[in-house]
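Engineer: sequence-free structure coming up:
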């Protein structure tokens, strides 16, 4: 079952940072999602396209779905227009495919640009060296069916919170640098999404205003 007490404790923690909570519901049942929905949660995260498009029609229309997994270009056409926000836009080609499919569906897709802040091969994202060009194009409106909302990053999977802090701090500095470029950049870069169940406290220390938390609320995943 949903861990109600831990959920409300998390909400209290996040109030101080004005951070939004995305409840990561991947692999969890419709009943568990409904139970958390009834407590007031509206933002839920899924990392598989097939699972998201299967779950969404079975749940209330006012849920804001977040796609947080690695997104293959060939699956974009199946995903749009379901998510309220796509977190894991990690390469220029994906931007082009999302633009094409969003235009076809006559919708505007909200996204976060994912930066590769960890050294692990399993983590993906734009490098700092090439992200700024794509971000500037998004801010300038070169992808008319995409609305940039901010940046996302996933830290190294480690118990060493000093490593995590260094990675999150680097992304925070990059986020601040971009926001300082123009008022338009500030408008398009309001969100900084860092922090999951194991490292969200460090994410909040480093300026995160959106955290993605699953196991602390739902318990262990049921694969």
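Structural biologist: Perfect, thanks for sending it. Keep in mind that what you see is a predicted model, and the values were worked out from it rather than measured.
Engineer: out of everything not next to it in sequence, what's closest to residue 75?
Structural biologist: Counting by CB to CB, 6 or more residues apart in numbering, residue 75 lies nearest to residue 49, which is 4.6 Å off, once chain neighbours are set aside. For every residue, glycine as well, the C-beta is placed using N, CA and C.
Engineer: how close does the one you found sit to residue 132?
Structural biologist: For residue 49, the distance to residue 132 equals 29 Å [CB to CB, to the nearest Å].
Engineer: between those two, which has more neighbouring residues?
Structural biologist: Neighbour comparison, residue 49 and residue 132: the larger count goes to residue 49, with 20 against 15 (by other CB atoms under 10 Å).
Engineer: ok, the more buried one to residue 7 distance?
Structural biologist: From residue 49 across to residue 7, the span is 26 Å (CB to CB).
Engineer: likewise residue 140?
Structural biologist: 40 Å.
Engineer: neighbour-wise, which of these two wins?
Structural biologist: The neighbour comparison of residue 140 against residue 7 (other CB under 10 Å) goes to residue 7, with 20 against 10.
Engineer: how about the nearest residue to that one, chain neighbours excluded?
Structural biologist: Nearest-residue entry for residue 7: residue 217, 5.1 Å, with adjacent residues in sequence omitted and distances by CB to CB, 6+ apart.
Engineer: likewise for residue 53?
Structural biologist: Excluding its sequence neighbours, the residue lying closest to residue 53 (CB to CB, 6+ apart) is residue 82, at 5.8 Å.
Engineer: just the element for that neighbour, please.
Structural biologist: Of the helices and strands defined by DSSP states H and E, none includes residue 82.
Engineer: could you say which helix or strand holds the residue nearest the centre of the chain?
Structural biologist: Nearest residue to the geometric centre of the chain (CA atoms, centre = their mean): residue 87, 3.4 Å. Under the criterion DSSP H and E, the helix or strand holding residue 87 is strand 85-89.
Engineer: how about the helix or strand following that strand, which residues are buried there?
Structural biologist: Next along the chain after strand 85-89, taking DSSP H and E as the criterion, comes helix 92-105. For helix 92-105, burial by neighbour count (16 or more other CB atoms under 10 Å) applies to 94, 95, 97, 98, 99, 100, 101, 102, 103.
Engineer: how about the helices in this protein?
Structural biologist: Assigned by DSSP state H, the helices in the chain fall at 4-15, 30-38, 49-55, 76-79, 92-105, 128-139, 161-179, 183-188, 200-205, 215-218.
Engineer: per-residue pLDDT, residue 17?
Structural biologist: Listed pLDDT for residue 17 reads 84.
Engineer: I'd guessed it sits against residue 209; true?
Structural biologist: Yes. Applying CB atoms under 8 Å, one finds residue 17 in contact with residue 209, separated by 6.7 Å.
Engineer: would you point out the most distant pair within the buried residues of helix 92-105?
Structural biologist: 94 and 103 (14.8 Å; CB to CB).
Engineer: any low-confidence regions in this structure?
Structural biologist: 221-223 (pLDDT under 70).
Engineer: rewinding a little: please report how far the residue nearest to residue 7 lies from residue 5.
Structural biologist: Here residue 217 is placed at a distance of 10 Å from residue 5 (CB to CB).
Engineer: swap in residue 193?
Structural biologist: Residue 193 sits 25 Å away from residue 5, taking CB to CB as the criterion.
Engineer: those two: which is more packed in?
Structural biologist: Taking other CB under 10 Å, residue 193 and residue 5 do not tie; residue 193 has more neighbours (27 against 8).
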